[in-house]
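> Test case, fold it:
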Amino acid sequence: MAETHVLFVEDDDVIREATTLALERDGFVVTAMPDGLSGLESFRANRPDIALLDVMVPGMDGVSLCRRIRDESTVPVIMLSARADSIDVVLGLEAGADDYVTKPFDGSVLVARIRAVLRRFDHSGGPQNGGPNGADNGSDGERGVLSFGDLEVDTEGMEVRRAGAAVALTPTEMRLLLEFSSAPGTVLSRDRLLERVWDYDWGGDTRVVDVHVQRLRTKIGQDRIETVRGFGYKLKA
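Numbering: from 1, shown residues only. Predicted coordinates for the structure are as follows:
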């Protein structure tokens, strides 16, 4: 089994060293960098399997670094923030991060989050065969191609087209769209989406869902996913 390479960007020496040791004990290969600029250089040189980025690092802050990484890659990104209610959490998610962890964190919690994100990125980041229902509504008769107006979702090829043009989604966005497209017209709660898309089997921060839905809307159409106040979201059939 190949080792998982983690890029860890953190300016606090104590946190950086302690976290690196904890991750290495769990079998990860860690490249730790003290600032955003060296983190970007390391990312480009080593192409890690996942990036852990502290929000407040010198040179280039974690949010800006996340944007630069996302411009070049769909590699999973987890942001580290000192405050759960910080606007930096939302900014990090909007920049393309897949999840976040609040400091101070327990090493086992961080490892669990890393493994959950990596599981989502297996098999191109999407559930097998178009989600839990294995739906096949393709108007062109192709197996595994779901059509919603001008939106086509290939649940086997893990590709999305809008009006014939390819839509670039991160694996997390793809999983989210597959979850919606497996049950068009059905309201999906934020808790269900956290469980099915983010592999949370405990309560999580619903802002993760909200920001990813907004990102997905910008790519497939703002009116494609409807907000049902007090309940969740649904894909318009």
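> mind listing what the residue nearest to the spatial centre of the chain touches?
The residue lying closest to the centre of the chain (Cα atoms, centre = their mean) is Asp98, at 2.7 Å. Contact analysis of Asp98 by Cβ atoms under 8 Å, 6 or more residues apart in numbering lists Pro76, Val77, Ile78, Val117, Arg120, Thr170, Thr172. Every residue, glycine included, has its C-beta placed from N, CA and C.
> The fifth one: neighbour count?
Here the neighbour count serves as a burial measure; for Arg120 (other Cβ atoms under 10 Å) it reads 22.
> Please parse the chain into its domains.
5-120, 125-235 (automatic domain parsing).
> For the helix or strand encompassing Ser64, C-alpha coordinates in CSV please.
Here Ser64, judged by DSSP states H and E, is contained in helix 62-72. Taking Å, rounded to 0.1, in the frame of the first residue of the first chain, the C-alpha atoms of helix 62-72 are listed here in CSV:
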residue,chain,number,x,y,z
GLY,A,62,-3.4,29.7,4.1
VAL,A,63,-6.5,31.0,2.2
SER,A,64,-4.4,32.4,-0.6
LEU,A,65,-2.3,29.3,-0.7
CYS,A,66,-5.5,27.2,-0.9
ARG,A,67,-6.6,29.2,-3.9
ARG,A,68,-3.2,28.8,-5.6
ILE,A,69,-3.3,25.0,-5.0
ARG,A,70,-6.9,24.8,-6.3
ASP,A,71,-5.9,26.6,-9.5
GLU,A,72,-3.5,23.8,-10.2
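> Let me know the next secondary structure element after it.
strand 77-81.
> who's in contact with that following strand?
Taking Cβ under 8 Å, 6+ apart as the rule, strand 77-81 contacts 10, 50-55, 62-63, 66, 69-70, 88-89, 92-93, 96-103, 105, 113-114, 117.
> residue boundaries of the helices in the protein?
13-25, 36-46, 62-72, 87-94, 107-120, 171-181, 190-197, 207-220 (DSSP state H).
> And the fourth one, what's buried?
The neighbour-count check on helix 87-94 (16 or more other Cβ atoms under 10 Å) flags Asp88, Val89, Val90, Leu91, Gly92, Leu93 as buried.
> thought the fifth one was touching Gly62?
In other words, Gly92. Yes - using Cβ atoms under 8 Å, Gly92 is in contact with Gly62, at 6.6 Å.
> between the two, what contacts are shared?
Common neighbours of Gly92 and Gly62 (Cβ under 8 Å, 6+ apart) are Leu53, Val55, Met79.
> what's the distance between the residue nearest to the first one when sequence neighbours are not counted and Asp71?
Looking back up the chat, that one is Leu53. In this structure, Leu53 finds its nearest non-sequential neighbour in Gly62, 4.0 Å apart by Cβ to Cβ, 6 or more residues apart in numbering. Counting by Cβ to Cβ, to the nearest Å, the gap from Gly62 to Asp71 is 15 Å.
> Comparing those two, which residue is more hemmed in?
Shown here are Gly62 and Asp71; by other Cβ under 10 Å, Gly62 has more neighbours (29 against 8).
> For that one, give me its contacts.
Contacts of Gly62 by Cβ under 8 Å, 6+ apart are Val9, Gly36, Leu53, Asp54, Val55, Met56, Met79, Leu80, Asp88, Gly92.
> I am finished for the moment; much appreciated.
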